[in-house]
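Trainee: here is my input, please return the structure:
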Amino acid sequence: MSLNLQTHTEHFTNPLYLESGRILEPYDITYETYGILNEDKNNVIVICHALTGSHHAAGLYEGENKAGWWDGLIGPNKTVDTNKYFVICTNVIGSCFGSTGPMSMMYPHHEPYRYKFPVVSIKDMVKAQRILFDRLGIHEVEAIIGGSMGGMQALQFAINYPNFAKKIISMATTYATQPWAIAFNKVASEAILKDPDFKDGNYNPKDIKENGLSGMAIGRMAGHISFLSHHSMAEKFGREYKRNDGLFELFGKFQVESYLEYNGQNFTKWFDPLTYLYITKAINIFDLARGYDSLDEALKNVTCKLHLIGFKSDMLFLSEEMKVIGDTLKNIGNTNHDYFEVDSDYGHDAFLVELDKFDTYVKEVLDGKE
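Mentor: Residues are numbered from 1 along each chain as shown. Coordinates of the predicted model:
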């Protein structure tokens, strides 16, 4: 069977009441689906994306040479089998790939929100998705799966909509963003804000697409360092020098430097800088216990089978942070969860690249064997 990749955008005119007390109206949500929704609408799996991800989780668009970000996991006869499941991945509110974000037109004016866009939280992103699923007539799903910021969304679903998913798989994330991750995000945001071409948020998006934004490229370099690990960098680059550069040239480069430069600069041509600021803010303020007396109180809401996956060398969200969730659930008497640690040297990005280390586990969860 084919993947049956489809992209849609839904328009909502009812106000979205945000956690901050502000309102977003109207708003759009762009989403992608794979597979076929059965008659009972009970074969749905929701995929949640990370910071720079999008609704494009699998397959190829016409003329595209890079498949969706979790293509190795989603498709016919793959771990998330689209012969069996109807898979849906939405672009979060605040992003720049079709859903309403800071560069969307502010109704009724024909100009972008920019800084007038409200700060959105992970809880807001999940609430908007839940409204979308209601409109699609999807009131219960088989599973929700996400890594990093996608894992935050998965956990938020477990707490805010306890009867929505039968199973939730949350990986490479945390119960509340810690100072280490906030510090890396600070470097990125400062680099963007201090770039004169950012123009205090009044840049022309066409200029950025064409020329990039050097401040954002520097911020992304910092991000890349946090996504990798000491081991993965040593293995990937060693101390190799760029072939045509001399060791004693002042601006001669190690391979790792070239990699960071290339990825940083390239990134700025396809990701919007204001979106980066807004989404890193949502990540920074993420805290499952907000609105509750404690994490224990928040996790008492969890009724689904919750599967936590940590990665041994993840420097951004330590596996210990995933264990805290598991230990807290255990302490409050929840027996419907488990924790699986992936033995990886790759760092945070392992959830995107080392699929072979956890895909069997995910398949067993979906098949009801875990």
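
Trainee: what is the rounded mean pLDDT of the helix or strand that contains residue 226?
Mentor: Taking DSSP states H and E as the criterion, residue 226 maps to helix 214-227. Regarding helix 214-227, the rounded mean pLDDT is 95.

Trainee: which residues touch the helix or strand following that helix?
Mentor: Using DSSP H and E, the helix or strand that follows helix 214-227 towards the C-terminus is helix 230-237. Defining contact as C-beta atoms under 8 Å, 6 or more residues apart in numbering, one finds that helix 230-237 is touched by 228, 254-256, 259, 313, 345-347, 349. In short, each C-beta sits where N, CA and C put it, glycine included.

Trainee: figure out how far the helix holding residue 226 is from the centre of its chain.
Mentor: 17 Å (C-alpha atoms, centre = their mean, to the nearest Å).

Trainee: break this protein down into its structural domains.
Mentor: Per automatic domain parsing, the structural domains of the chain span 6-178+286-366, 181-282.

Trainee: so residue 182 is in which element?
Mentor: Using DSSP H and E, residue 182 falls within helix 179-193.

Trainee: buried stuff in that helix?
Mentor: Residues of helix 179-193 classed as buried: 181, 184-185, 187-189, 191-192 (neighbour count, 16 or more other C-beta atoms under 10 Å).

Trainee: list the helices and strands that helix packs on?
Mentor: If you count contacts as 3 or more C-beta pairs under 8 Å, 6 or more residues apart in numbering; DSSP states H and E, helix 179-193 packs onto helix 214-227, helix 273-284.

Trainee: now do the longest one against helix 179-193, angle only.
Mentor: The directions of helix 214-227 and helix 179-193 differ by 160 degrees, with axes from the mean of the first three to the mean of the last three C-alpha atoms, to 10 degrees as the criterion.

Trainee: can I get the CA coordinates of helix 214-227 in CSV?
Mentor: Extracted in CSV, the C-alpha atoms of helix 214-227 (Å, rounded to 0.1, in the frame of the first residue of the first chain):
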residue,chain,number,x,y,z
SER,A,214,24.0,35.3,10.7
GLY,A,215,22.9,35.8,14.3
MET,A,216,20.4,33.0,14.0
ALA,A,217,23.1,30.8,12.4
ILE,A,218,25.3,31.4,15.5
GLY,A,219,22.4,30.5,17.8
ARG,A,220,21.7,27.3,15.8
MET,A,221,25.4,26.3,16.2
ALA,A,222,24.9,26.5,19.9
GLY,A,223,21.7,24.4,19.5
HIS,A,224,23.5,21.8,17.5
ILE,A,225,26.2,21.4,20.2
SER,A,226,23.4,20.7,22.7
PHE,A,227,21.8,18.1,20.4
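
Trainee: in it, what counts as buried?
Mentor: Along helix 214-227, these residues count as buried under the neighbour rule (16+ other C-beta under 10 Å): 214-227.

Trainee: and the angle from that helix to helix 273-284?
Mentor: Orientation note: helix 214-227 sits at an angle of 30 degrees relative to helix 273-284 (the same axes, to 10 degrees).

Trainee: give me the contacts around helix 214-227.
Mentor: Applying C-beta under 8 Å, 6+ apart, the contact partners of helix 214-227 are 180-181, 184, 187-195, 197-198, 259-261, 263-265, 267-268, 271, 273, 276, 315-316, 347-349.

Trainee: quick one on the thing from earlier: let me know the closest of the contacts of helix 230-237 to residue 18.
Mentor: When the contacts of helix 230-237 are compared for distance to residue 18 (C-beta to C-beta), residue 349 wins out at 30.4 Å.
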